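> Below are the sequence and a predicted model; questions follow.
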Amino acid sequence: MGASLRKESYSMALAKAASKLVPKGVEFEIADLSEIPILNTDKANPLPKPVALLKKQIASADAILFSTPEYNYSVPGFLKNAIDWASLAPNNAFDDKPAAIMSSSDGPWGGSRAAYHLRQVLVSVNTHTIKLQAMVAKTPEKIKNGILVDEETKKQIKNVLEQLVDWAERINR
């Protein structure tokens, strides 16, 4: 789940890089959160079409990789909103899903505070998030023209993906 709506989003660039770094035989799909409306449970039956699609994507996934920027020491509001929609009763799409986190920021901390908050939210929706995460600091230096060019960051993401796939295989047995 790429968590920035900006056209030149670093989080989306990281998600696209991850799609090319997944282990052989693994399918990777990026969920579009741009059309998810603000949560209003009065409008939850039937679910808005973008929400129903998101829930279907999550439910059919063997694992979920979150890619989020840090906004004001936390995750973007629309990411939290999408998680809230997808976890609505009676069927929490995240229930028992293996997950991993990538976070990013322009500064030196790599979105670590956003990753921490996201991890708290993911506990509440019953994901099984791996300990390892990719925290990408100083993203403007590592992403050029929407493409991840930093080899160390690619290695970090590849390692997270390998551990996520291994974790998903163990959980989904």
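On my side now, so go ahead.
> Show me the strands in this structure, by range?
64-69, 98-104, 128-129, 134-136, 143-144, 147-148 (DSSP state E).
> between the second one and strand 64-69, how big is the angle?
With axes from the mean of the first three to the mean of the last three Cα atoms, to 10 degrees as the basis, strand 98-104 and strand 64-69 are set at 20 degrees to each other.
> Alpha carbons of strand 98-104, in CSV - could you do that?
Taking C-alpha atoms only, strand 98-104 is exported to CSV below (Å, rounded to 0.1, in the frame of the first residue of the first chain):
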residue,chain,number,x,y,z
PRO,A,98,1.6,-10.9,7.5
ALA,A,99,2.9,-7.3,6.9
ALA,A,100,6.0,-5.2,6.6
ILE,A,101,6.7,-1.5,6.7
MET,A,102,8.8,0.8,4.6
SER,A,103,8.9,4.4,5.7
SER,A,104,10.6,7.5,4.3
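> how far away is Arg173 from Val165?
13 Å (Cβ to Cβ, to the nearest Å). The way it works is simple: take the backbone N, C-alpha and C, and place the C-beta from them, glycine included.
> More neighbours: these two, which one.
Neighbours were counted for Arg173 and for Val165 using other Cβ atoms under 10 Å; Val165 has more, 18 against 5.
> who's sitting farthest from the centroid in this protein?
Asp42 (26.6 Å; Cα atoms, centre = their mean).
> Which residue or residues pair with the residue nearest the centre of the chain through a beta bridge?
The centroid of the chain falls nearest to Phe66 when counting by Cα atoms, centre = their mean (1.3 Å). Here Phe66 sits in beta bridges with Ile101, as judged by DSSP bridges.
> Let me know whether Ala115 touches Ala99 as I believe.
No: using Cβ atoms under 8 Å, Ala115 is not in contact with Ala99, being 11.7 Å away.
> And the longest helix that the chain contains, what's buried?
Across the chain, the longest stretch assigned as helix under DSSP state H is helix 151-171. Residues of helix 151-171 classed as buried: Thr153, Lys154, Gln156, Ile157, Lys158, Val160, Leu161, Gln163, Leu164, Val165, Trp167, Ala168 (neighbour count, 16 or more other Cβ atoms under 10 Å).
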